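**Student:** Could you look at this predicted model? Sequence included:
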Amino acid sequence: MGRLLSPHRSKPNMTVSYSLEVANARFGGFSKLLFRWRGSIYRLLYKEFLLFCGIYAFFSMFYRFLLTPTQQELFERIALYCDQFTNTSFIPVSFVLGFYVTLAFNRWWGQYTSFPLPDNLMMAVSGNVHGFMTSHELKKFQSLHSDFNKYWIPLTWFANLASKARKEGRIRDDVALRLLMDELNNYRAKCSLLFHYDWISIPLVYTQVVTVAVYSFFGFCLIGRQFLNPEKGYKDHTVDMYVPVFTLLQFFFYSGWLKVGELIINPFGEDDDDFETNQLIDRNIQVSMLAVDDMYQNLPLAVKDKHWLQGNFSIPYTISTAAESLKPAFKGSTYNMTMSAEDFKMDQHVDGPLTTQHIPLRSYPSDAAENLPEGQGVLWRGSLPLLNDCSSSTDEEGCIHAYGNDVCVLSLGKCDDEVWSQREQEETMTQAAGENMSSQQAG
């Protein structure tokens with residue numbers, strides 16, 4: 001893979017990072033970021049902003065000092081006409097601009113996540129594949145003709161070499177070969193996706209629509225937002241402020257929004273916040289060579305750690321975070337929920353065989369079985385994974401079926417011996433039929 005340094009760039013830019021400055025929410029946290037220049041919207045927009053201010057000042061001076069009264073009246077009519085379009089939703093700048101920047105941002109992040117990293121592949125190879133192309137391989141690569149991009153050819157060589165290595169026994173089993181091929185396919189898929197991001201751009205017509213919408217809006221603002229003579233009594237022109245503060249802010253927001261879309265639509269350029277492609281390539285090569293060459297079979301001595309004989313131990317805390325270890329662990333929002341006896345009352349119409357009711361509860365009176373009305377059921381000290389049918393033992397008074405600390409109360413009045421006898425017969429017949437089928441299959 002070739003280097004991506006531009007001949008006119010003296011040193012590589014670094015992506016602007018401010019994660020440490022916003023690690024904690026505090027008063028004026030974001031305000032400190034407003035005074036940065038590198039990577040800021042000021043650096044990106046100041047030329048367009050100064051141009052807009054200059055053109056606006058020109059029309060203002062032209063209206064005030066160079067026009068005759070008749071010409072001023074005509075200019076004022078034009079200004080009022082333009083102003084009615086800038087103060088309405090006639091030009092949907094917010095809609096088209098917001099949707100465009102969202103689309104560009106998703107594309108920008110998708111390109112970063114598509115950047116192929118060899119980490120998983122190098123871990124799977126573990127010392128048998130080298131990253132640089134030899135001169136012989138380069139000649140072979142150049143001799144292969146294709147009308148399309150040929151980035152996939154070395155990956156095909158890798159797949160063939162992996163298959164050959166498996167036949168020669170240098171790859172221990174098919175599982176390892178499958179792991180290599182899966183990681184290779186993931187790597188190739190990211191290369192392909194990145195290539196398609198470069199090939200397929202956001203439709204040009206959409207970029208043109210957004211640009212024309214923003215520029216035409218502020219083109220009308222240059223005339224329509226002029227301060228007219230307040231003595232003539234025009235609506236909303238009672239004060240002559242000379243400097244259109246809110247119009248300039250509006251230009252800063254909308255044009256800055258458009259500049260953000262322009263910045264992130266292709267993150268492989270030389271803007272302050274573009275991806276550090278060279279650094280990523282250097283990192284990939286260095287980490288790959290370190291993993292497959294220097295670290296191959298170069299393992300640290302395996303020794304018992306200092307907590308080897310300790311059943312329970314705690315990790316060290318700093319003084320400022322020691323109090324965190326005293327806080328109870330979160331066990332669920334309903335972990336300490338209690339319910340009264342009234343909450344257990346349920347309407348259950350029993351027309352068929354015996355059924356069970358399961359209700360999770362952390363604490364329930366020990367005499368629950370004695371006071372349980374007919375047609376209700378309780379799971380005492382239970383949990384959701386233990387909500388299964390109670391099919392263990394039963395007492396004659398309350399039909400209680402116990403599983404250690406978990407108790408299911410079955411209630412249909414008193415336990416009916418005929419019902420239990422019928423269920424036992426059904427289970428016996430089902431078990432016998434299963435054994436008979438197994439024996440037939442074995443025969």
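**Tutor:** Happy to help now that I have it. Numbering: from 1, shown residues only.
**Student:** Quick check: nearest residue in space to Asp108, chain neighbours excluded?
**Tutor:** To be clear, residue 108 is Trp; Asp isn't right here. Once flanking residues are discounted, Trp108 sits nearest to Ile264: 3.9 Å by C-beta to C-beta, 6 or more residues apart in numbering. All C-beta spots, glycine's among them, are computed from the backbone N, C-alpha and C.
**Student:** my bad, should have said Ser201
**Tutor:** Ranked by C-beta to C-beta, 6+ apart and with sequence neighbours excluded, the top spatial neighbour of Ser201 is Ile265, at 7.6 Å.
**Student:** got it, and Asp240?
**Tutor:** Spatial nearest neighbour of Asp240, chain neighbours left out: Phe227 (4.8 Å); criterion: C-beta to C-beta, 6+ apart.
**Student:** Reduced to three states, what does the one you found come out as?
**Tutor:** Under the three-state scheme (DSSP: H, G, I helix; E, B strand; the rest coil), Phe227 adopts coil.
**Student:** Could you report the neighbour count for the residue nearest to Ser201?
**Tutor:** By other C-beta atoms under 10 Å, 19 other residues sit near Ile265.
**Student:** Phi, psi for it please.
**Tutor:** Ile265 adopts backbone torsions of phi -70, psi -30, taken as degrees, to the nearest 10.
**Student:** got the contact list for it?
**Tutor:** Neighbouring residues of Ile265 by C-beta atoms under 8 Å, 6 or more residues apart in numbering: 104, 107-108, 201-202, 207.
**Student:** do the same with Val93
**Tutor:** The neighbours of Val93, taking C-beta under 8 Å, 6+ apart as the test, are 213-214, 217, 254.
**Student:** pretty sure Asp274 is touching Phe268, no?
**Tutor:** Yes - if you go by C-beta atoms under 8 Å, Asp274 and Phe268 touch, sitting 6.3 Å apart.
**Student:** In the stretch 251-400 of the chain, what residue spans correspond to helices?
**Tutor:** Counting by DSSP state H, counting those that start in this stretch, the segments of the stretch 251-400 of the chain that form helices are 277-289, 368-371.
**Student:** so can I have JSON lines of the ones you listed showing mean neighbour count and mean pLDDT?
**Tutor:** Written out in JSON lines, the entries for the helices of the stretch 251-400 of the chain read as follows (neighbours: other C-beta atoms under 10 Å; pLDDT from 0 to 100):
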{"stretch": "helix 277-289", "mean neighbour count": "15", "mean pLDDT": "86"}
{"stretch": "helix 368-371", "mean neighbour count": "14", "mean pLDDT": "46"}
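**Student:** I'd like the ones you listed as JSON lines, with distance to Val16 appended.
**Tutor:** Output for the helices of the stretch 251-400 of the chain, formatted as JSON lines (distance: least, C-beta to C-beta, whole Å):
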{"stretch": "helix 277-289", "distance to Val16": "14"}
{"stretch": "helix 368-371", "distance to Val16": "64"}
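**Student:** Under the pLDDT cut-off, which ranges of the stretch 201-350 of the chain? List them.
**Tutor:** Counting by pLDDT under 70, the stretch 201-350 of the chain shows low-confidence ranges at 341, 343-350.
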